[in-house]
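[1] structure here, sequence nowhere to be found:
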């Protein structure tokens, strides 16, 4: 399902909202190519640095990446944030940044059933791909308790919204 019109005149802040295993990376790579956007994935940066995905340095890496994508957006370059944006207040803050910098907003929401997520993660854990963090069933269940699904009213706040259900 796609809502809103595609804006090609302004740079875009493209957000991905979904739990681990929902397909964010696969879609993000394709969407970044289509939009001419620079893709940001904190997990891939952690892998490049050779640091455990859950190390405390992650917050510092994330802060630096945030500075970089904001600078790119300010210079007219579309950016794609793949990291999941689990919380409503986080998505609201990102929309405010985009508005301040004159960028359009696009949200890709991955609405995938938990059993499907676990099946995908179980396969991924058995054959890990570069930049993918290992996720146990317990960790997935914990993630689910912290995830705030966007409702229809929130989806309408974005210039463009795509809901992925498979």
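    Good, I have the coordinates. Values in this document were obtained by computation on a predicted structure and should not be read as measured data.

[2] C-alpha from now on. contacts and neighbour counts both.
    OK.

[3] any buried residues in stretch 12-27, and which?
    Buried residues in stretch 12-27, defined by neighbour count with 16 or more other C-alpha atoms under 10 Å: 12-25.

[4] no no, stretch 24-42
    Neighbour-count burial for stretch 24-42 [16+ other C-alpha under 10 Å]: 24-25, 28, 31-32, 35, 37-42.

[5] okay, now the unreliable bits of the chain?
    1-8 (pLDDT under 70).

[6] same thing but at 90, please
    For the chain, the stretches with pLDDT under 90 are 1-9, 43, 47, 52-54, 84, 128-134, 166.

[7] this structure: strands as residue ranges?
    With DSSP state E applied, the chain shows strands at 2-4, 12-17, 38-40, 79-84, 104-110, 160-164, listed in chain order.

[8] pick out the most distant pair among the buried residues of stretch 24-42.
    Using C-alpha to C-alpha, the buried residues of stretch 24-42 reach their maximum pairwise distance at 35 and 42, which is 19.9 Å.

[9] buried residues in the top helix by length along the chain?
    Of all the elements of type helix in the chain, the one with the most residues (DSSP state H) is helix 58-74. Across helix 58-74, burial judged by 16+ other C-alpha under 10 Å covers 58, 62, 65, 69-70, 73-74.

[10] quick check, nearest of the residues you listed to residue 97?
    Closest to residue 97 out of the buried residues of helix 58-74 is residue 70 (8.0 Å), distances taken as C-alpha to C-alpha.

[11] compute the distance between that closest one and residue 10, please.
    14 Å (C-alpha to C-alpha, to the nearest Å).
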